[in-house]
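Participant: no FASTA, just this:
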């Protein structure tokens, strides 16, 4: 199930999307965020980073989250912010394992390295919201 809500408030563009935990959700989430960033004239380098990090957070929600998840994307003149909320209380893990060839677990390391800021917030319903921000200032 997909439900997209679009909003524009004084220089801020927003999208909110609810999705079921399915692999197709990653592609659809990227498309929604790409459209949001295009409407807000986010530069190409910033867009590439935002899409990569969106893929990582949505993949984590699909693989490790519980229940339906919600992606919220916001663009203002200084930053792009993407949040993913699901019903699982387990926070994502950042794996700092140099020299080891491991399957998975590197997505949050990318978020840690490439995002301007990121974090995890508990929700009142026992779930969590994982978010990142990427700074931008000009159209590219």
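Facilitator: Here it is on my side, so go on. Note that the structure is a prediction, hence the values are computed from the model and not measured. Numbering: from 1, shown residues only.

Participant: okay, CA-based contacts and neighbour counts for the rest of this
Facilitator: OK.

Participant: mind showing which ranges of the chain have poor pLDDT?
Facilitator: Scanning the chain for pLDDT under 70 picks out the ranges 1-11, 97-105, 138-140.

Participant: Tell me where the protein has strands.
Facilitator: Using DSSP state E, the strands of the chain run over residues 2-9, 12-19, 69-75, 79-86, 117-122, 128-135.

Participant: quick one, which of those strands is nearest to residue 46?
Facilitator: strand 128-135 (7.2 Å; CA to CA).

Participant: Does anything pack onto the closest one? Which helices or strands?
Facilitator: With contacts taken as 3 or more CA pairs under 8 Å, 6 or more residues apart in numbering; DSSP states H and E, strand 128-135 sits against helix 44-64, strand 79-86, strand 117-122.

Participant: That strand pairs with which strands, and in what direction?
Facilitator: strand 79-86 (antiparallel), strand 117-122 (antiparallel) (DSSP bridges).

Participant: export those strands to CSV and tack on mean neighbour count?
Facilitator: Output for these, formatted as CSV (neighbours: other CA atoms under 10 Å):
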stretch, mean neighbour count
strand 79-86, 24
strand 117-122, 15
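
Participant: picking that back up, residue 51: which of the strands of the chain is closest?
Facilitator: Nearest of the strands of the chain (CA to CA): strand 79-86, 9.9 Å.

Participant: Give me the residues contacting that closest one.
Facilitator: Strand 79-86 is contacted from outside by 37, 50, 54, 57-58, 61, 65-75, 127-137, using CA atoms under 8 Å, 6 or more residues apart in numbering.

Participant: Could you check the angle it makes with strand 69-75?
Facilitator: 170 degrees (axes from the mean of the first three to the mean of the last three CA atoms, to 10 degrees).

Participant: how about residue 109, what does it touch?
Facilitator: Taking CA under 8 Å, 6+ apart as the test, what residue 109 contacts is 94-96.
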